[in-house]
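Novice: The sequence and its predicted three-dimensional model are supplied below.
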Amino acid sequence: MSKFERLDESNAPAAAVPLIEKSKAAFGRLPGLHAVMAQAPSLLDGYQVLHRLFAEETSFDADEKTVVWQSINVYHQCHYCVPAHTGIAKMMKVDDQITNALRDETPLPTDKLEALRTFTLKMADSRGNPTEADLNAFYAAGYGERQVLEIVLGLAQKVMSNYTNHLAETPVDAPMQQFAWTPKADR
C-alpha cells in the first residue's frame with residue numbers, strides 16, 4: 001500500500017492539472033510516480049523538465065541513457081524505477097543483454113558502457129566528487145566533460161524519482177509489473 005496519496009485531475013492542486021495532462025499525453029496513462037508527485041506541482045514540473053532534457057537533449061544514445069538511468073535506479077534500489085526503465089528500455093529498443101546486465105549487476109557487453117556505468121556509480125557514491133583517476137578512466141573510454149555534466153543531470157532526475165518512490169512506496173504500474181525487480185542483496 002502506498003504511503004502517499006496518488007492524485008489525478010479531479011483532486012490535484014490546480015497547478016498540477018496541466019502537468020498530469022502532459023504525463024497522460026506522453027505515456028497514455030498517469031504513471032503512479034507522477035500521481036504522487038502531483039501533490040507538489042513544482043516537483044512534478046521539475047521532474048518532467050529534467051526527464052525531457054536528459055531524454056532528448058543529452059549526447060547519450062538510447063543504450064547510454066539506459067545505462068545512466070538504470071545504474072542510478074539499481075544503486076538507489078528503486079523498486080518502481082527499475083521495472084519502469086526496463087519497460088522504457090524495451091520501447092527504446094535497447095538490447096535485453098544491456099538491460100539484464102544492469103538489473104543483475106553483471107558485466108555490460110562493451111567496455112565503453114561498463115565505463116559509463118562505473119563512472120555514473122562513482123558520481124553517485126562520491127556525491128559528485130570523483131577522483132582524478134575516475135575522471136581519466138572515463139575520458140579514456142571515449143567520454144568527455146559534457147558527458148560528466150550530463151550524468152549530473154541524470155542523477156538529479158533520478159534522485160527526484162527514486163527518493164519519491166522510497167517515501168511513497170509507489171506501487172509499480174500495471175504495464176511494468178512484468179518487469180518486477182528485487183535488489184541483488186535481497187535475492
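Specialist: Yes, it's here.
Novice: mean confidence score for stretch 13-22?
Specialist: Per-residue pLDDT over stretch 13-22 has a mean of 98.
Novice: ok, now stretch 41-57?
Specialist: Stretch 41-57 shows an average pLDDT of 98 in the prediction.
Novice: which residues touch it?
Specialist: 12-13, 15-16, 19-20, 22-23, 33-34, 37-38, 65, 68-69, 150, 153-154, 156-157, 160-161, 164 (C-beta atoms under 8 Å, 6 or more residues apart in numbering). In short, each C-beta sits where N, CA and C put it, glycine included.
Novice: Backbone dihedrals for the residue lying closest to His34 once chain neighbours are set aside, please?
Specialist: Leaving aside its chain neighbours, His34 sits nearest to Ser23 (4.4 Å; criterion: C-beta to C-beta, 6 or more residues apart in numbering). The main-chain torsion angles of Ser23 are listed as degrees, to the nearest 10 and equal phi -60, psi -50.
Novice: Quick one: residues contacting Ser23.
Specialist: Applying C-beta under 8 Å, 6+ apart, one finds that Ser23 lies in contact with Leu30, Pro31, His34, Leu44, Gln48.
Novice: Could I get the buried residue list for the strand or helix carrying Asn100?
Specialist: With elements taken from DSSP states H and E, the one containing Asn100 is helix 96-104. Residues of helix 96-104 classed as buried under the neighbour-count rule (16 or more other C-beta atoms under 10 Å) are Ile98, Thr99, Ala101, Leu102, Arg103.
Novice: Buried ones among the contacts of stretch 41-57?
Specialist: Neighbour counting by 16+ other C-beta under 10 Å classes 12, 16, 19-20, 23, 33-34, 37-38, 65, 68-69, 150, 153-154, 157, 160-161, 164 among the contacts of stretch 41-57 as buried.
Novice: tell me what the longest helix belonging to the chain is packed against?
Specialist: Ordering each helix of the chain by length in residues (DSSP state H) puts helix 145-168 first. For helix 145-168, the helices and strands in contact under the criterion 3 or more C-beta pairs under 8 Å, 6 or more residues apart in numbering; DSSP states H and E are helix 32-37, helix 41-57, helix 62-75, helix 81-91, helix 111-125, helix 132-140.
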